[in-house]
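A.B. asks: Any chance you can model this:
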Amino acid sequence: MTDVDWPRRAGLSAALDEAAIVAITDRAGRILYCNDKFEAVSGYTREELIGQTHRLVNSGVHTRGYFRDLYRTIARGQVWRGTIQNRTKSGEPYWVDTTIVPNLGADGRPETYTAIRFEVSDHVRALKALELAEADARQAAEVRDRFFANVSHEVRTPLNAVLGLASALAHTTLTPRQAEMLNLITGAGDSLRRVLDDMLDLSKMQAGQFSLSPAPFDLRRDIEAVVEIRRAVAEDKGLTLDLAFTPDAQGEVIGDGVRITQIVSNLVSNAVKFTTEGGVCVHVDLLPEGEQERLVIEVRDTGIGFDAEAAQRLFRPFVQADDAISRQFGGTGLGLSICKSLTELMGGTIAAESVPGEGSLFRVTLPIRRAASALAPAPDKTDPPSAPDAEQGARVRILVVEDHPANQMVVRRLLEPLGFEIVVADNGLEGVLRFQEQRFDLVLMDMQMPVMDGLDAMRRIRDDEARLGAARTPIVMLTANTTEAHHLKAVQAGADHLVSKPVTLKILLQGMEQGAAAAAEWANASMSSAA
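C.D. replies: Purely as a prediction, here's the structure:
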């Protein structure tokens, strides 16, 4: 049979024979026919190809199983499709999308096979390059996240001593000069803590590991609280700081209150920072929008402002309006980027308007729902949790499992003046032994410790409680590890609540109260399920 007869017999059109790499083989896989394109791509002449099997061009990267499945498919008279890597006569690899069609004989069995191939080498190489780039990007992101987490842990541990002891000093008698210096220490430490929090938030967002926690919260009370924190800084600069709510913007709503107030805090902090005279005004409104409502928060200042070009890059990470601003005012340039990411995660928008030298307006719009209890008066929770008095505190025994002497001192200096009895263990194993020997009302547990870490120590404590049928002792993990993975591990190991270092007296008491409440809720749930 001539070369012209083979494609005609196989039903190939002249156009397909010209466009594709075509070969026709017998039952044994020997090449009976190949077209010009097969010669051109493979580098072999027709004389070198005819009578050979496809092993001549096989690159050897595919497994025996791969070809076994191919041969079984076409032997049953079925069409096979797939991508095959071949090699040229000079040894260069090339990829072809292949369709093999059995040509049935009079007995209904395949007599010959037509292989139609289209070279896709450029496409495959592009995909492989993309896979490598994605793998490199993932590895770089993992390195970045580990770096951020390690930096956070290593800085939070000494920072806990700075802010914790500063908080303890604030509850002692100080001269005006000492109080002024203490305020500077506290302010500097709090600024460093916010930088760490921003770095970790950005890392989580970029890794797609950030999650929101919608819950009822008091809109007016919570926003007032974060604005009030900035008032002292504004007044020190001679600025006014005004906060206004429309009549509708009050009561309980459902949303991630922590993140909404974080946005407000960042915007107000920026406004105060970049304003040298005049003031800052925060306006909050709640507008109807279908079944939901729309929360509109505006922060207006009379500061330095920025031009349209700066506005284009303002919400990018590590960016400020220009380098001169960064040198003059400091900061990491993360605040607005995090505001934008948080706003978009909540399904909202953020926009900015500004005139250089006249000030700026930032507007955040978020979808939100009123809580069922919105019409009822919200309980006043502005004060920190009440601490036991000396007589009551003497009966409250707390086991502090912490290897760092400075952090041990922080807890002692914060809680002992309130009447709490503090027992310290230097590592997890020592903590377990003390827990087995004595009765404690609450445990404050570090995570990373020598001999035995906090996770294993909590598991041992929970196992002992289960074995003895003892009541659940509240365990609050007091740790510098702040990633979601660490939090999940802590909860799975038996923690009732987590408090991230650094701590102040208010933060520590709130954490202890929440841990005790969570332990009681767990105990009630266990009793209900048992009943």
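
A.B. asks: quick one: contacts for P405?
C.D. replies: Neighbour list for P405: empty [criterion: C-beta atoms under 8 Å, 6 or more residues apart in numbering]. C-beta here means a position set from N, CA and C on the backbone, and glycine is covered the same way.

A.B. asks: State the distance from it to A493.
C.D. replies: 25 Å (C-beta to C-beta, to the nearest Å).

A.B. asks: same deal with R117?
C.D. replies: 57 Å.

A.B. asks: Do a quick rundown of the helices in the stretch 1-150 of the chain.
C.D. replies: Using DSSP state H, counting those that start in this stretch, the helices of the stretch 1-150 of the chain run over residues 5-9, 14-19, 36-42, 46-49, 64-75, 121-170.

A.B. asks: Mind listing what's buried along the fourth one?
C.D. replies: By that I understand helix 46-49. L49 (16 or more other C-beta atoms under 10 Å).

A.B. asks: who's in contact with it?
C.D. replies: By C-beta under 8 Å, 6+ apart, helix 46-49 touches 23, 31, 34, 38-39, 42, 56, 89.

A.B. asks: just how off-centre is that helix within its chain?
C.D. replies: Helix 46-49 sits 59 Å away from the centroid of its parent chain (C-alpha atoms, centre = their mean, to the nearest Å).

A.B. asks: picking up where we left off before, for the helices of the stretch 1-150 of the chain, please prepare JSON lines with the additional fields distance to G305.
C.D. replies: What follows is the helices of the stretch 1-150 of the chain, written out as JSON lines (distance: least, C-beta to C-beta, whole Å):
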{"stretch": "helix 5-9", "distance to G305": "74"}
{"stretch": "helix 14-19", "distance to G305": "62"}
{"stretch": "helix 36-42", "distance to G305": "63"}
{"stretch": "helix 46-49", "distance to G305": "74"}
{"stretch": "helix 64-75", "distance to G305": "65"}
{"stretch": "helix 121-170", "distance to G305": "32"}
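
A.B. asks: would you list those in CSV and tack on mean pLDDT and distance to V401?
C.D. replies: Below are the helices of the stretch 1-150 of the chain laid out as CSV (pLDDT from 0 to 100; distance: least, C-beta to C-beta, whole Å):
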stretch, mean pLDDT, distance to V401
helix 5-9, 59, 81
helix 14-19, 69, 74
helix 36-42, 91, 69
helix 46-49, 92, 76
helix 64-75, 90, 55
helix 121-170, 82, 15
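
A.B. asks: What is the neighbour count of V280?
C.D. replies: 29 (other C-beta atoms under 10 Å).

A.B. asks: same deal with V120?
C.D. replies: 16.

A.B. asks: Just to check, it is in contact with Q85?
C.D. replies: No: here V120 does not reach Q85: they are 10.3 Å apart, not a contact under C-beta atoms under 8 Å.

A.B. asks: Mutual contacts of these two, please.
C.D. replies: W95.

A.B. asks: Out of the contacts of helix 46-49, which end up buried?
C.D. replies: The buried subset of those (16+ other C-beta under 10 Å) comprises 23, 31, 34, 38-39, 42.

A.B. asks: For this protein, which residues score under the pLDDT cut-off?
C.D. replies: Under the criterion pLDDT under 70, the flagged ranges of the chain are 1-15, 17, 145, 148, 203, 206-209, 317-333, 373-394, 529-531.

A.B. asks: and V280, what does it touch?
C.D. replies: 234, 239-242, 268, 271-272, 299-302.

A.B. asks: check contacts around R230.
C.D. replies: 241, 265, 268-269, 272.

A.B. asks: Buried subset of the contacts of V280 as a ChimeraX selection?
C.D. replies: Of the contacts of V280, the buried ones go into a single ChimeraX selection, burial set by 16+ other C-beta under 10 Å:
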select :234,239,241,268,271,272,299,300,301,302
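
A.B. asks: Among the contacts of V280, name the ones in strands.
C.D. replies: Among the contacts of V280, DSSP state E puts 240-242, 299-301 in strands.

A.B. asks: Reformat these into TSV and put distance to S500 next to each item.
C.D. replies: Listed next are these as TSV, based on distance: C-beta to C-beta, whole Å:
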residue	distance to S500
T240	33
L241	28
D242	32
V299	27
R300	32
D301	30
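
A.B. asks: ok, which stretches of the stretch 151-300 of the chain are helices?
C.D. replies: Under DSSP H, counting those that start in this stretch, the stretch 151-300 of the chain gives helices at 176-206, 219-236, 257-273.

A.B. asks: Run the angle between the second one and helix 257-273 for me.
C.D. replies: Think helix 219-236. Note on geometry: by axes from the mean of the first three to the mean of the last three C-alpha atoms, to 10 degrees, helix 219-236 and helix 257-273 are set 20 degrees apart in direction.

A.B. asks: buried residues in helix 219-236?
C.D. replies: 219-224, 226-227, 230-231, 234.

A.B. asks: what's the closest of these to G359?
C.D. replies: A234 (14.4 Å; C-beta to C-beta).

A.B. asks: Any figure for the gap between the closest residue to that closest one other than its chain neighbours and V284?
C.D. replies: Spatial nearest neighbour of A234, excluding adjacent residues (C-beta to C-beta, 6 or more residues apart in numbering): L241 at 4.1 Å. According to C-beta to C-beta, L241 and V284 sit 14 Å apart.

A.B. asks: Might you quantify the distance of stretch 212-219 from its chain's geometric centre?
C.D. replies: The answer for stretch 212-219 is 19 Å, by C-alpha atoms, centre = their mean.

A.B. asks: Need the residues that contact that stretch.
C.D. replies: Residues contacting stretch 212-219 (C-beta under 8 Å, 6+ apart): 249-260, 284, 286, 295, 345-346, 371, 373, 378, 381.

A.B. asks: one more time with 6 Å
C.D. replies: 252-257, 345, 371, 378 (C-beta atoms under 6 Å, 6 or more residues apart in numbering).

A.B. asks: between these, which has the most around it?
C.D. replies: Neighbour counts for these (other C-beta under 10 Å) peak at V253, which has 24 neighbours.

A.B. asks: What values do phi and psi take at V57?
C.D. replies: Main-chain dihedrals, V57, degrees, to the nearest 10: phi -110, psi 0.

A.B. asks: residues in contact with the closest residue to it other than its chain neighbours?
C.D. replies: Of all residues not flanking V57 in the chain, N86 sits nearest, at 4.4 Å (C-beta to C-beta, 6+ apart). The contact partners of N86, by C-beta under 6 Å, 6+ apart, come to 57, 59, 94.

A.B. asks: if we can go back for a sec, for the contacts of stretch 212-219, give me CSV that also has distance to R156.
C.D. replies: Putting the contacts of stretch 212-219 into CSV (distance: C-beta to C-beta, whole Å) gives the following:
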residue, distance to R156
E252, 33
V253, 32
I254, 31
G255, 28
D256, 23
G257, 24
L345, 25
A371, 34
A378, 33
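
A.B. asks: can you give me the strands in the stretch 251-400 of the chain?
C.D. replies: 252-255, 279-289, 292-301, 349-355, 359-370, 397-401 (DSSP state E, counting those that start in this stretch).

A.B. asks: oh, I was asking about the stretch 401-531 of the chain
C.D. replies: 421-425, 442-445, 475-479, 497-500.

A.B. asks: Relative to L334, which of the ones you listed is closest?
C.D. replies: strand 497-500 (17.8 Å).

A.B. asks: starting at the chain centroid, how far to that closest one?
C.D. replies: On C-alpha atoms, centre = their mean, the centre of strand 497-500 falls 18 Å from the chain's centre.

A.B. asks: What helices and strands are in contact with it?
C.D. replies: strand 475-479, helix 505-530 (3 or more C-beta pairs under 6 Å, 6 or more residues apart in numbering; DSSP states H and E).

A.B. asks: ok, 8 Å please
C.D. replies: strand 475-479, helix 484-493, helix 505-530 (3 or more C-beta pairs under 8 Å, 6 or more residues apart in numbering; DSSP states H and E).
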